[in-house]
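Trainee: generate coordinates for the sequence data below:
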Amino acid sequence: MKYAAAVGALFGLATMAQAHMEMIWPPPFRSKHNPHSTDIDYSMTSPLEADGSNFPCKGYHSLIDTAQGKPVAQWQPGQSYNFTIGGTANHRGGSCQASLSYDGGKTWTVIHSYIGNCPLTPTWDFVLPVDTPTGDALFAWSWFNKVGNREMYMNCAHVTIGDGGDRSAASKSAVSDAASFVSKRPAMFVANVANGCSTLEGTDLEFPEPGPEVTENSSNTAGPAGGCGSKNRLKRSAKTFRA
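Mentor: Numbers count the residues shown, from 1 in each chain. Coordinates of the predicted model:
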């Protein structure tokens, strides 16, 4: 009986270790929470591959123009929204970012950074910038865990900004708006996916370029290690401190 109990306990720990965390709102591609999913990934909580082979979005961003990739939310610039994270292995938190892509996942622009305690609570608020371009976009939640293996987590959802429309037929004005939006904000931070950049165990990642909107709740931060690059360095124009 003692042997069986020990095996059961070890199995439980292994299951929890594999559970990790996932974005459940807005529902990502192939998520069981996405009403459009027909090919559900039941390992949505797993991190990206260490070799970077399924960056970004675990490779599911390619579904955006399919029946499984229909929009799951419609947002308006300047309004407040949130994303929700679920799971059982939060690795004592870490740091997260919310980002948008308008080119099918080739490039990503940060709209909010969360330094520390992410995702120890399920819901995370942000304001969609007033200059956010309208049209179809990919929304991404990315996370660098505080303890455990050095990993990057990322889930992506298809959202419509404004009244929608086909960005492939965008006017020169819309293209210019998108370029302006990107130039004011940093690119998504990427690490732990065989790109020469890594995060440090036991600390909350201090994003080198968090962007103008930051929520910070950590007394133990550290920057990344390795060749992490530099782009669009910005000073923080806003901070929110959680109790």
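Trainee: distance check, residue 44 against residue 28.
Mentor: From residue 44 across to residue 28, the span is 7 Å (C-beta to C-beta, to the nearest Å). C-beta coordinates here come from the backbone N, C-alpha and C atoms, glycine included.
Trainee: of those two, which one has the most company?
Mentor: Using other C-beta atoms under 10 Å as the criterion, residue 44 and residue 28 rank with residue 28 on top: 30 against 25.
Trainee: could you check the pLDDT of that one?
Mentor: Per-residue pLDDT puts residue 28 at 98.
Trainee: thought it was touching residue 40?
Mentor: No - look at residue 28 against residue 40 with C-beta atoms under 8 Å: they stay out of range, at 10.9 Å.
Trainee: distance between the lengthiest strand in the chain and the chain's centre?
Mentor: Criterion DSSP state E: the longest strand present in the chain is strand 135-145. How far strand 135-145 lies from its chain's middle: 4 Å, per C-alpha atoms, centre = their mean, to the nearest Å.
Trainee: in its sheet, what does it sit against?
Mentor: Counting by DSSP bridges, the strands paired with strand 135-145 are strand 94-101 (antiparallel), strand 153-161 (antiparallel).
Trainee: using a markdown table, lay out the ones you listed together with mean pLDDT.
Mentor: Formatted as a markdown table, the strands paired with strand 135-145 follow (pLDDT from 0 to 100):
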| stretch | mean pLDDT |
| --- | --- |
| strand 94-101 | 97 |
| strand 153-161 | 98 |
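Trainee: and the ones you listed: which comes nearest residue 87?
Mentor: strand 153-161 (9.5 Å; C-beta to C-beta).
Trainee: sorry, back to before: make TSV out of the strands paired with strand 135-145 and add mean neighbour count and distance to residue 50.
Mentor: Output for these, formatted as TSV (neighbours: other C-beta atoms under 10 Å; distance: least, C-beta to C-beta, whole Å):
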stretch	mean neighbour count	distance to residue 50
strand 94-101	26	17
strand 153-161	24	12
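Trainee: TSV for these, including distance to residue 212?
Mentor: Listed next are the strands paired with strand 135-145 as TSV, based on distance: least, C-beta to C-beta, whole Å:
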stretch	distance to residue 212
strand 94-101	13
strand 153-161	18
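Trainee: which one of these lies closest to residue 210?
Mentor: strand 94-101 (7.9 Å).
Trainee: following the chain onward from that closest one, which element is next?
Mentor: Helices and strands here follow DSSP states H and E; after strand 94-101, the next one along the chain is strand 109-115.
Trainee: now the angle from that following strand to strand 135-145?
Mentor: Going by axes from the mean of the first three to the mean of the last three C-alpha atoms, to 10 degrees, strand 109-115 is angled at 30 degrees with respect to strand 135-145.
Trainee: next one: strand 109-115 to chain centre, how far?
Mentor: So, by C-alpha atoms, centre = their mean, the centroid of strand 109-115 is 9 Å from its chain's centroid.
Trainee: show me the contact partners of it.
Mentor: Identification of contacts with strand 109-115 by C-beta atoms under 8 Å, 6 or more residues apart in numbering yields 95-101, 124, 126-129, 132, 181-182, 185-189, 204-207, 209-211, 213-218, 221.
Trainee: so which of those residues belong to strands?
Mentor: When the contacts of strand 109-115 are checked against strands (DSSP E), the matches are 95-101, 124, 126-127, 204-205, 213-216, 221.
Trainee: overlap in contacts of residue 44 and residue 28?
Mentor: What both residue 44 and residue 28 touch, as defined by C-beta under 8 Å, 6+ apart, is the set 22, 155.
Trainee: and the residue nearest the centre of this protein?
Mentor: residue 141 (1.6 Å; C-alpha atoms, centre = their mean).
Trainee: so in terms of bridging, what pairs with it?
Mentor: residue 98, residue 155.
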